[in-house]
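1. Okay, predicted coordinates and the sequence, questions at the end:
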Amino acid sequence: MDVLSSAPVTLWVDFQAPQGLVIPDVGSVSYALYDGGGVPLIVHEALTPEAEATGVSIPVQPIHNVLAPDRSFERRIAVVNWTAEGRTFSARTGYRVTELPLHSVTPEHVRNYLGINEDELRDSEVDLFSAYLNLEAALGRELFEAALTAGTLLELRAERAIVLTAATQLFPSLRFRIAQAKTDGTLKFERLKDASAFAELVQATQDELLGIVQQMTGDRTAAEVVPILLQVTTITVDPITGSAPATRVGG
């Protein structure tokens, strides 16, 4: 989860134990908040869950979410401690603090491109921030930010590059996580039924991304930039059969 710098956020943690969800002992719940370097921002603060609740909300104030000016993002980690029937338990959750993005891309844009639904790909599983940073690193901050604020067709193409890069980051697991056949009782449709269909999607994404990068940087650097964006998603061994490769991404 990403949180804008200087904004409040409310987290949620379930009281999960090995035997399942538990109800904590009264007055036993507290939490601490740490930055990405492990420095405590809140050392010990009591939390009061509702009666019989199996989870608790954690309000984090804006002062704890201020991003340093020399950083693109910072991590925050909340650790919740409680006891249940005298036994001690803990849980942790985290988020990133970021600046307001220079684009309007949402996870829904990525789902629409891939043709999948929210129940197959949740917002939290679409890492737009990582896609943005990868493009910024590959293209250069000045060039990329100029494109995203151009107010021309170039800005739309730069946002499209974020969609394609975010989709590319999902390719290694995409084929094995989405439903290949769905029915509502009367209508049925199939997709990515075989490896060739998935390979066509991968290739079409790479080709379009290459075209955008060529437009933004010129042919001289496009051949260097696109492999950088795609190399993290290379599939060399089919995770089901162990054969190499059923579907290859970025190589």
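-> Received the coordinates, thanks.

2. Which helix in this structure has the most residues?
-> With secondary structure taken from DSSP state H, the chain has its longest helix at helix 153-177.

3. Does anything pack onto it? Which helices or strands?
-> If you count contacts as 3 or more Cβ pairs under 8 Å, 6 or more residues apart in numbering; DSSP states H and E, helix 153-177 packs onto helix 107-114, helix 128-139, helix 141-148, helix 195-217, helix 219-230. For glycine as for every other residue, the C-beta is placed from the backbone atoms N, C-alpha and C.

4. what about residue 163, distance to residue 10?
-> Residue 163 sits 29 Å away from residue 10 when distances are taken as Cβ to Cβ, to the nearest Å.

5. With residue 213 instead?
-> With Cβ to Cβ as the criterion, residue 213 and residue 10 are 39 Å apart.

6. And residue 163 and residue 10? Which one has more around it.
-> Counting neighbours by other Cβ atoms under 10 Å for residue 163 and for residue 10 shows that residue 163 has the greater number, 25 against 8.

7. and the more buried one, how far is that from residue 131?
-> From residue 163 across to residue 131, the span is 8 Å (Cβ to Cβ).

8. ok, how many other residues are close to residue 160?
-> 17.

9. For residue 9, list each beta-bridge partner.
-> As for beta bridges, residue 9 partners with residue 60 under DSSP bridges.

10. just checking, it touches residue 3?
-> Yes - here residue 9 reaches residue 3: they are 4.6 Å apart, a contact under Cβ atoms under 8 Å.

11. intersection of neighbour lists for those two?
-> Residues touching both residue 9 and residue 3 by Cβ atoms under 8 Å, 6 or more residues apart in numbering: 65, 95.

12. what sits against residue 58?
-> Neighbours of residue 58 in contact, by Cβ under 8 Å, 6+ apart: 10, 11, 12, 13, 31, 47, 78, 80.

13. three-state assignment of it?
-> Recorded secondary structure, residue 58: strand (DSSP: H, G, I helix; E, B strand; the rest coil).

14. wait, what's in contact with the closest residue to it other than its chain neighbours?
-> Spatial nearest neighbour of residue 58, excluding adjacent residues (Cβ to Cβ, 6 or more residues apart in numbering): residue 11 at 4.2 Å. By Cβ under 8 Å, 6+ apart, residue 11 lies in contact with 57, 58, 60, 78, 93, 95.

15. So residue 11 lies in a helix, does it not?
-> No - judged by three-state DSSP, residue 11 forms no part of a helix; its state is strand.

16. Residue 96 and residue 144: what is the separation?
-> To residue 144, residue 96 is 19 Å away according to Cβ to Cβ.

17. Same check on residue 27?
-> According to Cβ to Cβ, residue 27 stands 51 Å off from residue 144.

18. Tell me which of these two has more neighbours.
-> residue 144 (21 against 10).

19. doesn't residue 158 make contact with that one?
-> Yes - using Cβ under 8 Å, residue 144 makes contact with residue 158 at a distance of 6.8 Å.

20. anything in contact with each of these two?
-> Common neighbours of residue 144 and residue 158, counting by Cβ under 8 Å, 6+ apart, are 135, 216.

21. now the end-to-end length of stretch 103-119.
-> End-to-end distance for stretch 103-119, by Cα to Cα, to the nearest Å: 25 Å.

22. Identify the residues contacting residue 56.
-> 12, 13, 15, 29, 47, 49, 80.

23. Quickly list what it is bridged to.
-> residue 13.

24. pretty sure residue 31 contacts residue 41?
-> No - checked against Cβ under 8 Å, the pair residue 31 and residue 41 is beyond contact range at 11.0 Å.
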